[in-house]
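Chemist: only the shape, not the letters, is given here:
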C-alpha cells in the first residue's frame, strides 16, 4: 500500500500497536536523574526483546524504515504490575512548578506578545485556555487605568461608555442641556483643561471662579478635580461636569 | 441498462470487462470528480488507481493543508496544477495561549512566492495561526489579479499597512475577514484605500481592530457595495454610526455591531430599532461591545431569524439575556460570557429548543475578586431544554460527575465536548472524587464524539475510558491530568481516528511518548509540554520514525535532559529549515 503522506490524504492505516506498557529509558542508566513521581505507582518488570534499542550508539541497531513492517518486537510478555494502586490526589504544586512559570507576577496590563512565557498573574502560563486576543479585549473594556497612554473607561451607567481607545471625554455644564466632548490627550494640567472648558462653554474670564470642575470616577463617585493629582485624575476619570460653586 | 448499451459506451478498442474504470474517458472522469468538494472524499478517490489519482489532481480547485509543515509549497504545486483556493493552518493550537515561542515559524511568505509563480489565478487564501508580514500582504495584493477572498484567523506579524495594500490593489476582492489576530493596529485609514470604483465587497470583518476607523470612507464603501452580506464592525463604531451604515445595507445576513453603549436620544433609539426591524435575512449577530441592557430591546426585531448570536463581548446579566432570548426562537448557536450565570443558562434552556452549539466564556478568568460565573447547575439546565446540543465549550469554577452524566444523557449527540474547570486538578466539588466518571460518561454515551477537552482532577481511568470508548475521537486536549504513562498509552492504543493530541502539564513520559510510534504517522500532530518527556526519548522517536518531524522547544533555565515542549508531526517535506534557534529539530 502506498505509504506516502500526501497532505494527510493517505488512508489511516491501522498501525500495528506495539504493546509497550512501560518502556523506561531511565533503566538504561543514561538519564542523570531518576524518573519523577507517578511511575512509582506501576513500575513494570521490563523485559526487552532482541530488538531493544541501544540508545548510546550513534546508529540505530534496528532496521531502517521499510514499508509497514514492525520496527521491533518484544519477546514474551512485558510483565506488568496488575495491582495498580489508585493514585492519591497529586498536589497541584507538582505541576505548577515548571520552568516556564515565573515567581514574580507580571503586570497584567503588559500584553506585548514578545513576553512569551510571561506569567498571567496566576502562576500558570496560558491557563485557563482563553485566547490572548480575547483576554486583551476584556482588559481593555474593564480596565480603568491607562493603557498605552490612552484613556480606557468602563461603560457604566453614569456617563455612558465611549470607544475605549478614544481620548475624548464627555463634559456637561450645570444648567446646559447639550453635553460636549473634549480631547484629553492634548492636556497635561488642570490649568489648560479648565481654560479650554471655559472657552468651550463661552464663559467669560471674569466668571471662571464661579465654576468648579468635578468628575465622575470609575467607581461612580463624583469628586472635585482639583483635589487629586493630575495622573490620578486622568486614570480614573470617566466624565466631567462643571458646576457652579457657591459664594 | 441493457448489456448492449454498456458495450456501446465503451468505445476504446482495448476495453473489456476487466479494464472497467480505467477506460472511462478522462474528461468525463474529471468532470465528475470536479463535483466532489470534500477533501476527504477526494483523498479516497485519489487512492483508487492511477487514472483516478490523475483525474482528481487535475480537477481539484481547493486544497486544505492542516499543517503547513507537513508538505512544501513546491510539492503542492506539482501535484495540483489548478488550485484557486488554499486553506493553510500553521502553529500548534497552544500558540493561542502563549505557549509557543515567538518567531516559531509558519510564515506564509515562501508559500506566496510559489503560488505567485504556479497559481497566478489564485482567488482565495484562508490562513489560521500563520505568520504573515506586511511585505507578504503586499505581494499577495499584486501577484494575483483575480484575488477575491482573504481570511486571517489567529494570525500575527502584520499591521494595518498590509491591509491598506490589499484594499488598494485587489480590484476583485469579495471577502476581507480579519479575525482574532495579533495585528499591529496603526490606525483606521487603511479602509479609505478602497478605490471609489471598488464595489465588489461582500464580506468585511474588521471586528478585532481597535483603532478608530475612517468612518466616512466606511460609509461610502458600504453604500456602494450593494452585495455586502457580512459586515462586522469594530468597537470604534458608535450606535449612531451603526444606524447610518445599516440604512445603506438592508440585505445584510451577518452583522457585527460596534460599541453598543453610546447614549442615544429617544428618537435615535427608535430610528435604530426601525432600521433593525424586518431584517428577515439576518441570521448572525455579534459585536455588541459593552452592551448596555437598556438598548438591547432595539435588537429584538432583528432577532426573529437569528441562528447565531455571539454575545461573548457583552457582559450581560441573566435577566437581560433572558429577555433577549425570548425573541430568538430559531437560535442554533449561542456564545455568552459567564456573567449571565446559571439563571441565564436556565433561560437558554427555556427559550432555545433548537440550540446546537453553546459556548460560555469566562468574563474575568484572571481576576482576583470572587467570581461567580456558571456552575454545574447551569450546564444541566441547558441540557434539559436543548436536546439537540452537540457542541459545547464551557468554562466553569466547579463541576460534578453527576451533572456531566446528566448532561450527556439529555444530549447524547455531542460531537464536540470541551469542558474547562478553571482550577487545575480540581475534583468533583461535592464528592471530592476525581472527574473520571464525568468523562467516562461522555465517551460512553456520545458515540459521535470527535473533539474532547478534559479538565479537573483526572486519573488514568479517564484515559482508559477514552481509549476504550471514543472510537470517533479526532482531537483530544489534556491539561493537568493523568497519573502515569498508562493514561497516554491508553489513548494512543485506542482511539483509531485520533488526529490531534495536545497535552500540557501531565505526568506522561518517554514510555508514553514512544508507545505511539506508529500511530503518529496517522495523526496530524502531537503536542506535549511540561510533561516528563526527555531529550533522549525524543531523539529515539526521531530516529525510529524518519517521516515524523520531532521538534523540541527548550526554555531558559531548564534541565538539559528535559524536553520542555515537544511537537511531533508527520511530513513529506522533511525537517523544516526555518526553525528559530529556540526550536530544535531532532
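Modeler: Ah, there it is. Treat the numbers as computed from the prediction; the structure is a model and nothing was measured.

Chemist: where does chain B have low pLDDT?
Modeler: Within chain B, the stretches with pLDDT under 70 are B:1-23, B:367-371.

Chemist: same question for chain A.
Modeler: Chain A contains residues with pLDDT under 70 at A:1-123, A:139-168, A:177-178, A:246-247.

Chemist: packing partners for the helix or strand harbouring residue B:407?
Modeler: Using DSSP states H and E, residue B:407 maps to helix B:401-410. With contacts taken as 3 or more CB pairs under 8 Å, 6 or more residues apart in numbering or on different chains; DSSP states H and E, helix B:401-410 sits against helix B:376-385, helix B:436-445. Where C-beta positions appear, they are placed from N, C-alpha and C, glycine not excepted.

Chemist: run the angle between the first one and helix B:401-410 for me.
Modeler: Orientation check (axes from the mean of the first three to the mean of the last three CA atoms, to 10 degrees): helix B:376-385 against helix B:401-410 gives 10 degrees.

Chemist: any idea how far apart the tips of stretch B:511-531 sit?
Modeler: 12 Å (CA to CA, to the nearest Å).

Chemist: touching chain A at all, that stretch?
Modeler: Yes. Using CB under 8 Å from any CB of the partner chain, we find that stretch B:511-531 touches chain A at B:511, B:514, B:515, B:517, B:518, B:519, B:521, B:522, B:524, B:529, B:530.

Chemist: surely the fourth one meets residue B:541?
Modeler: Read it as residue B:517. Yes. Residue B:517 is in contact with residue B:541 according to CB atoms under 8 Å; the separation is 6.9 Å.

Chemist: around chain A, pick out the residues from the stretch 301-450 of chain B.
Modeler: Near chain A, when you scan the stretch 301-450 of chain B using CB under 8 Å from any CB, you find B:312-313, B:315, B:361-366, B:395, B:420, B:422, B:424-425, B:427, B:434.

Chemist: try it again at 6 Å.
Modeler: Within the stretch 301-450 of chain B, the positions near chain A by CB under 6 Å from any CB of the partner chain are B:365, B:366, B:420, B:422, B:425.

Chemist: can you tell me which of the residues you listed is closest to residue B:328?
Modeler: Proximity of those to residue B:328 (CB to CB) peaks at residue B:420, which lies at 25.4 Å.

Chemist: coming back round to it: now tabulate the helices and strands packed on helix B:401-410 in a markdown table and tack on distance to residue B:416.
Modeler: As requested, those are exported to a markdown table (distance: least, CB to CB, whole Å):
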| stretch | distance to residue B:416 |
| --- | --- |
| helix B:376-385 | 15 |
| helix B:436-445 | 11 |
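
Chemist: who wins for proximity to residue B:81 among these?
Modeler: With CB to CB as the criterion, residue B:81 lies closest to helix B:436-445 of the helices and strands packed on helix B:401-410, at 43.2 Å.

Chemist: returning to that earlier point: let's see which of the residues of stretch B:511-531 next to chain A end up in strands.
Modeler: residue B:529 (DSSP state E).

Chemist: could the residues of stretch B:511-531 next to chain A go into TSV alongside neighbour count?
Modeler: Below are those laid out as TSV (neighbours: other CB atoms under 10 Å in any protein chain shown):
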residue	neighbour count
B:511	26
B:514	23
B:515	25
B:517	21
B:518	19
B:519	22
B:521	18
B:522	20
B:524	18
B:529	26
B:530	26
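
Chemist: out of the residues of stretch B:511-531 next to chain A, who's nearest residue B:80?
Modeler: Relative to residue B:80, and with distances defined as CB to CB, the nearest of the residues of stretch B:511-531 next to chain A is residue B:524, at 19.3 Å.

Chemist: now do the contacts for that closest one.
Modeler: With contact set as CB atoms under 6 Å, 6 or more residues apart in numbering or on different chains, residue B:524 has these partners: B:66, B:67, B:499, B:500.

Chemist: list just the nearest of those to residue B:282.
Modeler: Nearest to residue B:282 among the contacts of residue B:524: residue B:66, at 32.3 Å, using CB to CB.

Chemist: that closest one - how many residues pack around it?
Modeler: By other CB atoms under 10 Å in any protein chain shown, the residues close to residue B:66 number 19.

Chemist: got it, and residue B:63?
Modeler: Residue B:63 has 20 nearby residues by other CB under 10 Å.

Chemist: for it, give me phi and psi.
Modeler: phi -120, psi 140 (degrees, to the nearest 10).

Chemist: which residues does it form beta bridges with?
Modeler: On the basis of DSSP bridges, residue B:63 is bridged to residue B:86.

Chemist: and the closest residue to residue A:176 other than its chain neighbours, how many neighbours?
Modeler: Spatially, and ignoring its direct neighbours in sequence, residue A:176 is nearest to residue A:201 (6.7 Å; CB to CB, 6 or more residues apart in numbering or on different chains). Using other CB under 10 Å, residue A:201 is surrounded by 16 other residues.

Chemist: any chance of the residues of stretch B:511-531 next to chain A in TSV, plus distance to residue B:464?
Modeler: As requested, these are exported to TSV (distance: CB to CB, whole Å):
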residue	distance to residue B:464
B:511	16
B:514	19
B:515	14
B:517	21
B:518	21
B:519	17
B:521	24
B:522	21
B:524	24
B:529	23
B:530	23
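
Chemist: just the residues of stretch B:511-531 next to chain A: which are in helices?
Modeler: Among those, DSSP state H puts B:511, B:514 in helices.

Chemist: closest one to residue B:106 out of the residues of stretch B:511-531 next to chain A, please.
Modeler: Lowest distance from residue B:106 to the residues of stretch B:511-531 next to chain A (CB to CB) belongs to residue B:524, with 14.1 Å.

Chemist: okay, strands next: where are they in the stretch 351-500 of chain B?
Modeler: With DSSP state E, counting those that start in this stretch as the criterion, the stretch 351-500 of chain B has strands at B:357-361, B:391-396, B:416-421, B:451-453, B:475-479, B:500-504.

Chemist: got JSON lines for these, with mean neighbour count too?
Modeler: Converted to JSON lines, the strands of the stretch 351-500 of chain B look like this (neighbours: other CB under 10 Å):
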{"stretch": "strand B:357-361", "mean neighbour count": "23"}
{"stretch": "strand B:391-396", "mean neighbour count": "22"}
{"stretch": "strand B:416-421", "mean neighbour count": "22"}
{"stretch": "strand B:451-453", "mean neighbour count": "21"}
{"stretch": "strand B:475-479", "mean neighbour count": "23"}
{"stretch": "strand B:500-504", "mean neighbour count": "24"}
